[in-house]
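S.K.: sequence and predicted structure below; questions after.
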Amino acid sequence: MPERRPRKDAARNRAAVLAAADALFASCESPEDVTMADIAAAAGVGKGTLFRAFGDRTGLIRALYEARLEPIRNAVEAGPAPLGPATPLLRRIPALLDAVLCFKLDNRRLALALEGSGSDSPYQAEHYERWHSLLQAMLEQIPGLADSGFTAHVLLAATRADLVEHLAGQERVPRERMRAQLASFTTRVVNSRQGSTAEK
C-alpha cells in the first residue's frame, strides 16, 4: 500500500498543474506571459515537479492541449455523427474543421502557445500531423478530388491559431460568422473538383 502513494501524489500534482496552466492561459493577455514559475506557484508545487513530469514548457503545453482535445478526438475516432467514422464524408469533413475551429476559439491562448512553441516546423508537430493525416485520408475517398495532401494543408490553414486570433481579436469577426465562412470555404474546396469533373 505505501508504494502506491507516490503514484497518487504524482497524479494529483499532474492534475493540479494542468488545471493551473489551463486557468493561466485562459486569463493571460499573451501566451508568452505564462511561465513555468507562474504555473508551479499557481499549482502549489515546485518547478522541479513540472520539469520531471513534462520535460519543459512545450511538453506541459502539449499535455494540456491533448487533455482539452480528448473529447473531440474520441468523437472523431468512435463517436456518432457528425464527427464519427460512419458519417458521410461530405458532412464529416466540414464538421471536423468546424470542431477544430471551435476548439481554437475556446482555447485561443493555449492554441497560440502550442503552435508558437518549439523550434521545429509547426507542420511537423504531432497534433498537426494527426489532423492532416486524418483529413487527407478522408479527402482521398472523394471521387475526382486530386492533391489530397495539399488540400488538407489548405483547409487546416484556415484554422491556424494565429489566424483565428487575428480574426477574433483584431477584426472582431463573430464566432458564428467565422464558422459559416469556414463551412462555405470547405464546401467550395471539396466540391470544386467534382463540379469540374461533372462539366467535362
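M.R.: Structure's in. What do you need?

S.K.: which neighbouring elements make contact with the lowest-mean-pLDDT helix or strand in the chain?
M.R.: The weakest-scoring helix or strand in the chain, judged by mean pLDDT, DSSP states H and E, is helix 175-199 (a mean of 81). Where contact means 3 or more Cβ pairs under 8 Å, 6 or more residues apart in numbering; DSSP states H and E, helix 175-199 is packed against helix 89-106, helix 148-157. Placement of C-beta: from N, CA and C, glycine included.

S.K.: and among those, the most buried is which?
M.R.: Of all those, helix 89-106 carries the top mean neighbour count, a mean of 19, counting by mean count of other Cβ atoms under 10 Å.

S.K.: so which of the helices and strands packed on helix 175-199 comes closest to E171?
M.R.: helix 89-106 (13.5 Å; Cβ to Cβ).

S.K.: and the closest one, what other elements does it pack with?
M.R.: Counting by 3+ Cβ pairs under 8 Å, 6+ apart, helix 89-106 packs on helix 57-78, helix 126-139, helix 148-157, helix 161-165, helix 175-199.

S.K.: quick one: average pLDDT of that helix?
M.R.: Model confidence over helix 89-106, given as mean pLDDT, is 97.

S.K.: quick check: angle from that helix to helix 148-157?
M.R.: Helix 89-106 and helix 148-157 are oriented at 40 degrees to each other (axes from the mean of the first three to the mean of the last three Cα atoms, to 10 degrees).

S.K.: so how far is helix 89-106 from its chain's centroid?
M.R.: On the basis of Cα atoms, centre = their mean, to the nearest Å, helix 89-106 sits 10 Å off its chain's mean C-alpha point.

S.K.: does N13 touch G48 like I think?
M.R.: No. Using Cβ atoms under 8 Å, N13 is not in contact with G48; the gap is 11.0 Å.

S.K.: higher neighbour count, the two?
M.R.: Counted by other Cβ atoms under 10 Å, N13 and G48 do not tie: N13 has more neighbours, with 18 against 9.

S.K.: tell me which element that one is part of?
M.R.: Secondary structure assigned from DSSP states H and E places N13 in helix 5-27.

S.K.: give the buried residues for that helix.
M.R.: N13, R14, A16, V17, L18, A20, A21, D22, L24, F25 (16 or more other Cβ atoms under 10 Å).
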